[in-house]
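Engineer: Give me coordinates for this.
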Amino acid sequence: DVQLQASGGGLVQAGGSLRLSCAASGFTFDDYAIGWFRQAPGKEREGVSCISSSDGSTYYADSVKGRFTISSDNAKNTVYLQMNDLKPEDTAVYYCNARWGSVTYWGQGTQVTVSS
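Structural biologist: Predicted coordinates for the structure are as follows:
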């Protein structure tokens with residue numbers, strides 16, 4: 001079975017840091033792009049960052065550039081999202097996603113709450 005297990009969320013004060021993890025299983029990890037999305041209450045889900053497991057290329061939304069860093073440990077089939085200098089507007093449920101062509105898998109979310 002395909003599984004994407006997101007973890008690492010929590011409550012943090014503004015300016016703090018969290019590291020999210022997305023542990024994948026059940027598919028060929030190296031073939032996929034792994035991404036993080038987030039959805040705040042009353043808002044649409046938005047892309048935050050993604051990484052290609054094959055060549056390590058990365059993407060960041062403008063809102064997180066310079067603060068978030070995505071990385072991949074292919075030996076562990078795990079992608080990390082290091083989030084620094086967190087802001088209240090980063091509060092959302094964060095989801096990880098694996099995509100290869102038209103195939104997409106979603107994991108469950110992990111809540112990130114940033115207090116001001």
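
Engineer: Ser71 falls within a strand, correct?
Structural biologist: Yes: the assignment for Ser71 by DSSP: H, G, I helix; E, B strand; the rest coil puts it in a strand.

Engineer: For the residue lying closest to it once chain neighbours are set aside, give the beta-bridge partners.
Structural biologist: Using CB to CB, 6 or more residues apart in numbering and skipping the chain neighbours, the partner closest in space to Ser71 is Tyr80 (5.0 Å). In this view, the C-beta of every residue, glycine as well, is placed from N, C-alpha and C. Using DSSP bridges, the beta-bridge partners of Tyr80 come out as Ser21, Ser71.

Engineer: Tyr95 too?
Structural biologist: Applying DSSP bridges, one finds that Tyr95 bridges with Phe37, Gly109.

Engineer: doesn't Tyr105 make contact with it?
Structural biologist: No: with contact defined as CB atoms under 8 Å, Tyr95 does not reach Tyr105; the gap is 10.7 Å.

Engineer: who has more neighbours, the two?
Structural biologist: Remark: of Tyr95 and Tyr105, Tyr95 carries more neighbours, 21 against 17, as counted by other CB atoms under 10 Å.
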